[in-house]
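In: Fold the following.
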Amino acid sequence: MSIDADTYARLREIANQLPQIPGIGRVEIAHGEIVMMMSPVKRHELAVLKLARQLNDQLPDTHPGYIAHGGADLEDVGLGRLRRPDIMVFPEASLMDEDAAFHPSDVILVVEVVSKSNPENDYEEKVRDYAAMGIPLYLLVDPRVGTGIVHSGPKYASVERFAFGDTIKVGPWQLDTSVLLTYGP
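Out: Presented below is the predicted three-dimensional model:
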């Protein structure tokens, strides 16, 4: 579902002000609503770090000039979506433009590490959103249960499941998931 441009612009204006409120971790816009998320736990951030390192080690060979980086906004104004993936792979040069957020056409992979508090968002809504944005690959990592999914192909028709400990193929990259930890009780 898309929302009209005026509604999205109003939501975006509000969303831009929310991170200034203490306790608000990340802000996204989806399905005509502002979604506020808590700051991630340490093991979440460790998974992000370990995966980004592996990708960045391989990108010079597969996609020179690209980087794996987190903490940035991904925006599709036409769909009325503002997301903040844990990792995106994009051309490093795109960091130099003045845009506040990345456009999906610059991104070839998004990675989400499932949080303890809102797993449905990563398993359902973000699968639909990233596919609609045209991002070729979506890697979902779930430290709650030690599993994950590689989504690829048109509308993510290809789904490859894995367990922590497997070496997985994500597009042209090989990732060792034995470095990932599950969340504690």
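
In: what comes into contact with the one helix or strand residue 53 maps to?
Out: Assigned by DSSP states H and E, residue 53 belongs to helix 42-62. With C-beta atoms under 8 Å, 6 or more residues apart in numbering as the test, helix 42-62 has contacts from 40, 66-70, 86-87, 89, 109, 111, 113, 115, 139, 141, 143, 171-176, 179-184. Quick note: C-beta positions are derived from backbone N, CA and C, even for glycine.

In: Emit the ChimeraX select command for whichever of those are buried.
Out: Buried residues within the contacts of helix 42-62, by 16 or more other C-beta atoms under 10 Å, are selected in ChimeraX with:
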select :40,66,67,68,69,70,86,87,89,109,111,113,115,139,141,143,173,175,180,183
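
In: pLDDT score for residue 138?
Out: For residue 138, the pLDDT comes out at 98.

In: Over to it. Which of the three states is it?
Out: strand (DSSP: H, G, I helix; E, B strand; the rest coil).

In: Give me the residues contacting stretch 119-132.
Out: Residues contacting stretch 119-132 (C-beta under 8 Å, 6+ apart): 30-31, 35, 76, 79, 81, 83, 104, 110, 112, 114-115, 138, 140, 142, 144, 151, 155-156.

In: out of those residues, which are inside strands?
Out: 30, 35, 76, 81, 83, 110, 112, 138, 140, 142, 151 (DSSP state E).

In: which non-adjacent residue is nearest the fourth one?
Out: The reference is to residue 81. residue 129 (5.3 Å; C-beta to C-beta, 6 or more residues apart in numbering).
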